[in-house]
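Engineer: I'll drop the sequence and a predicted model, then ask my questions.
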Amino acid sequence: MLLKKDLDFPAGHSMDSQWFAVDKDGNIGFFETGQSATMPIQFDLEGNWKDFIKEHTCKISKGLHKLVINESLVNDILSKCKEENVEKLVKNAEEDYFYFEGFIVLNDKVEWQDLMFEESLANDDYEFAILVSEDQKLYYISGVYDFEEIFISVLKAGKIKSCVMTDLSFPYDPRFNIEGLDMIYLGGYEYMSQEWSRLPYKRISNPENTLNISQLNPETLHKLVRFDNISFKDYPNLQPIEFIPCISYDLEVCDLENGYAKLILSDNETEASVAMSLEEWFVALFYACDICNPKKCVFELDSFYCRSKGENPRVILLRNIEYSQSNIDHIQNICSSLDIAVDDWYLTNCIKCKEKNGVETTTPINARFSNCAKNLEREIEIIQPLLIIVLDNESYENLKSYYQLPKGETGDCSFVTINNFAIPLIKLDISTSIDSPQLEKYKTLIKEFLIAYRQVTPRPLVREKY
């Protein structure tokens, strides 16, 4: 049944997010979400081209990376590097504010180590340099904030023959025309969201020489989203959710019973029902709850504390009501130490109902849980987990009272029956440290439960087409 809902979700992936992907040919694609385009659920990494280059190029020393690019692009950059640009920088050095980001060409008798940039770059978490062409002595420097005086002294000493100012943060977009900057494009496919969020991304660049994973650091490529069955060159418009699980917002028509919403596919014409991510689906259900959100206020995903990086997680992590990003990071670290894959757990809270006007309620926690239990049961019904891990004593007390569980000590295993479905339950307390013997005990116990066979038929990402 299609339910009309005024679900006005703000962009939970932080408005105007960026993400990168690899197609079946190994070519790199850059995606700009705008406020609410679809975005893959598997990955947290966001950033601009500058962040991407730093993350995925090979380090050849502490402050220097290397990027292999084709000869025609090297020649294009060299043609924009001018000696008069060095003269302008020397004059600018006398002013109060000095800044440089861009490409430099060293004089014939000068080597990289002669510049004395290495120590400053090695101790900088943000700025970095790239060797682009050893033969041409062509380097890229992301900024000189922490070694401005050294850079200016190198300029005045004549060690830099020519240069060009640029900003690799910006995508290839003809709308960008920034005075004093030459927009140099490294060759990835670029996709921008269209104004209406239900539409696919629109490709704004079709490079002749594309940036490929063969030019990058093989040890970091597992962090990238992968489109294993398509080539970016064949998709002037691209709706990612056709190929990989995604999250999106501003979904006008939602089938909340089955977790689908309507979007426009990559042909830019066909409307279809596409799978909502677990986070998005559950938040939509909670949004409609008269107890959890009685005023139907606008909220973000964080309001209901859901976290999931997979479509079929086998483990539910259950906590009480606390939320913070540091808490999320702590939970991720614990899951990693317990050998639970990031796409294999779903994090949720016992208590989902909202405080009234931000004022702390006097309603006892167990009474609030009795209101919220039906939403937890709906989550369990949909996910059908092999295991529930309770992360704090308060959550266990809620379950114990409501489902009549035994007293339970940290590390104990029991079963909870919900909707006639008996699920193993392990009680942990993440507020205390877990020593090595305990950790090995938990890992063995969890592994035994997760070995259990469960036949999963994934929901199709695209259901009906209209």
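Structural biologist: Happy to help now that I have it.
Engineer: which helix is the longest one in the chain?
Structural biologist: Longest helix in the chain, counting residues (DSSP state H): helix 365-383.
Engineer: so who does residue 238 touch?
Structural biologist: 191, 200, 201, 203, 230, 232, 266 (C-beta atoms under 8 Å, 6 or more residues apart in numbering). For glycine as for every other residue, the C-beta is placed from the backbone atoms N, C-alpha and C.
Engineer: which one of the residues you listed sits in the busiest neighbourhood?
Structural biologist: residue 191 (27 neighbours; other C-beta atoms under 10 Å).
Engineer: quick check: what element follows the helix or strand containing that residue along the chain?
Structural biologist: Per DSSP states H and E: residue 191 is located in strand 189-192. Proceeding N to C from strand 189-192, the next assigned helix or strand is strand 201-203, under DSSP H and E.
Engineer: now what about that next one, what contacts it?
Structural biologist: With C-beta under 8 Å, 6+ apart, strand 201-203 has contacts from 31, 37, 189-194, 232, 235-240.
Engineer: which one of those residues sits closest to residue 100?
Structural biologist: residue 190 (25.1 Å; C-beta to C-beta).
Engineer: the closest one against residue 206, yeah?
Structural biologist: No - applying C-beta atoms under 8 Å, one finds residue 190 not in contact with residue 206, separated by 9.2 Å.
Engineer: between the two, tell me which one has more neighbours.
Structural biologist: residue 190 (23 against 12).
Engineer: how near is the residue nearest to the more buried one when sequence neighbours are not counted to residue 420?
Structural biologist: Closest residue in space to residue 190, ignoring its immediate chain neighbours: residue 205 at 4.3 Å, by C-beta to C-beta, 6 or more residues apart in numbering. Distance, residue 205 to residue 420, by C-beta to C-beta, to the nearest Å: 54 Å.
Engineer: tally of neighbours for residue 404?
Structural biologist: 9.
Engineer: actually residue 40, not the one I wrote
Structural biologist: So residue 40, with other C-beta under 10 Å, has 23 neighbours.
Engineer: redo the contacts of residue 238 as JSON lines? Include distance to residue 136 and pLDDT.
Structural biologist: JSON lines is the format used below for the contacts of residue 238 (distance: C-beta to C-beta, whole Å; pLDDT from 0 to 100):
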{"residue": "191", "distance to residue 136": "32", "pLDDT": "92"}
{"residue": "200", "distance to residue 136": "40", "pLDDT": "94"}
{"residue": "201", "distance to residue 136": "35", "pLDDT": "95"}
{"residue": "203", "distance to residue 136": "31", "pLDDT": "94"}
{"residue": "230", "distance to residue 136": "36", "pLDDT": "97"}
{"residue": "232", "distance to residue 136": "29", "pLDDT": "96"}
{"residue": "266", "distance to residue 136": "40", "pLDDT": "96"}
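Engineer: before we move on, back to that, show me which of residue 205 and residue 420 is the more surrounded one.
Structural biologist: residue 205 (19 against 5).
Engineer: assign that one to helix, strand or coil.
Structural biologist: coil (DSSP: H, G, I helix; E, B strand; the rest coil).
Engineer: same question for residue 318.
Structural biologist: Going by three-state DSSP: residue 318 is strand.
Engineer: ok, what's across the strand from it?
Structural biologist: Taking DSSP bridges as the rule, residue 318 bridges to residue 348, residue 390.
Engineer: that one contacts residue 345, correct?
Structural biologist: No - at 10.6 Å, residue 318 does not count as touching residue 345 under the criterion of C-beta under 8 Å.
Engineer: give me the number of residues near residue 96?
Structural biologist: 4.
Engineer: in a strand, it, correct?
Structural biologist: No - counting by three-state DSSP, residue 96 falls outside a strand, being coil.
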